[in-house]
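Colleague: Sequence below, structure please.
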Amino acid sequence: MAIELHRSGHVATIRIARPAKLNSLSLAMYEDLGRAFAEARDDEGIRAVVLAGAGERAFCVGADLTESIPALASDRFDISAWDPAHLKGMKFYKPIVCAVRGLCIGGGFEIMLATDIRIASTEAEFQLPEPSHGFVPAGGTLVRLVRQIGYAHAMEILLSGRRFSAAEMAAKGVVNQVVDPDKVEPLAQETAAQIATLSPTAIQTIKEAVLTLQDLPLEQAFAEEARLGQRTFTSEDARRGLRAFAERAAGSSGKQG
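Modeller: Below you'll find the predicted structure:
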């Protein structure tokens, strides 16, 4: 399969595995990627996800130019069918750490924007070339990018069509860290594993709040924040955490006495 899903403990790794074609996505791969995200979302044992590409040449260069793009250009295909692969409209509140090596272009860039923490190789390159071909990056990017980083930075990436280095992407706030190529995926796995040790109720509620509250009027957003907060305070995760805290505090007091 060109889309792979593997589990290790509470972490799932979803891999775009078509390295001979720079991990470009066929129509079938888009469907499989959407299914992989849904499977990870619905598996209660999975608390965090790593998204990566196979090989070192590319994370993903987007849609397969020999199949997917011609289908769109001839109006034989509705781009909204790719929504699950781009996590559009899917209530996916588990954290996703993206490991980017090599090229991250077009649809690959767009899929990266659907993730939460991004670790890039020093040799990674990023580009939204769509305007040079006469169309636009409509896989969530026209909505997400300007909400994730500053307006001027977002518009430079969207309008120029040029390639950017990993260092430039870090400076603009698109990626979190830039490391040597051989450290990208180990660091992504380590980051996901660390997050997976925390309360899944709290972690998923944080992501849900960030994704759903940002466009609400201020008073409504605060009210909804309080509701979500109360949901976590009364959860079993919180009861266990508070018991453990009380036990540690009691033990510490006993030692001091």
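Colleague: residues near the residue lying closest to residue 27 once chain neighbours are set aside, how many?
Modeller: Closest residue to residue 27 in three dimensions, ignoring its sequence neighbours and counting by C-beta to C-beta, 6 or more residues apart in numbering: residue 68, at 5.6 Å. The C-beta positions use only the backbone N, C-alpha and C, and glycine is treated the same way. Neighbour count of residue 68, defined by other C-beta atoms under 10 Å: 22.
Colleague: Would you mind giving both backbone torsions of residue 68?
Modeller: phi -70, psi -50 (degrees, to the nearest 10).
Colleague: Distance of it relative to residue 195?
Modeller: Using C-beta to C-beta, to the nearest Å, one obtains 32 Å as the distance from residue 68 to residue 195.
Colleague: what do you get for residue 17?
Modeller: Distance from residue 17 to residue 195, by C-beta to C-beta: 24 Å.
Colleague: In contact with the residue nearest to residue 27: list those residues for me.
Modeller: Shown in contact with residue 68 (C-beta atoms under 8 Å, 6 or more residues apart in numbering): 25-27, 30, 77.
Colleague: rewinding a little: more neighbours: residue 17 and residue 195, which one.
Modeller: Higher neighbour count among residue 17 and residue 195: residue 195, with 20 against 15, using other C-beta under 10 Å.
Colleague: so what's that one closest to, chain neighbours aside?
Modeller: Once flanking residues are discounted, residue 195 sits nearest to residue 48: 4.8 Å by C-beta to C-beta, 6+ apart.
Colleague: Residue 121 touches residue 177, doesn't it?
Modeller: No: counting by C-beta atoms under 8 Å, residue 121 stays clear of residue 177, with 10.3 Å between them.
Colleague: Show me which of the two is the more surrounded one.
Modeller: The neighbour comparison of residue 121 against residue 177 (other C-beta under 10 Å) goes to residue 121, with 23 against 15.
Colleague: sorry, back to before: from the contacts of residue 68, which ones fall inside strands?
Modeller: With strands taken from DSSP state E, there is no overlap with the contacts of residue 68.
Colleague: For the residue positioned nearest the centre of the chain, give its distance to residue 109.
Modeller: Closest residue to the average C-alpha location of the chain: residue 115 at 1.1 Å, with C-alpha atoms, centre = their mean. Plainly put, residue 115 is 11 Å away from residue 109 if you go by C-beta to C-beta.
Colleague: Next, please give the residue ranges for the helices of the stretch 101-250 of the chain.
Modeller: Using DSSP state H, counting those that start in this stretch, the helices assigned to the stretch 101-250 of the chain run over residues 107-112, 130-133, 141-148, 151-160, 166-172, 184-196, 200-213, 218-233, 236-256.
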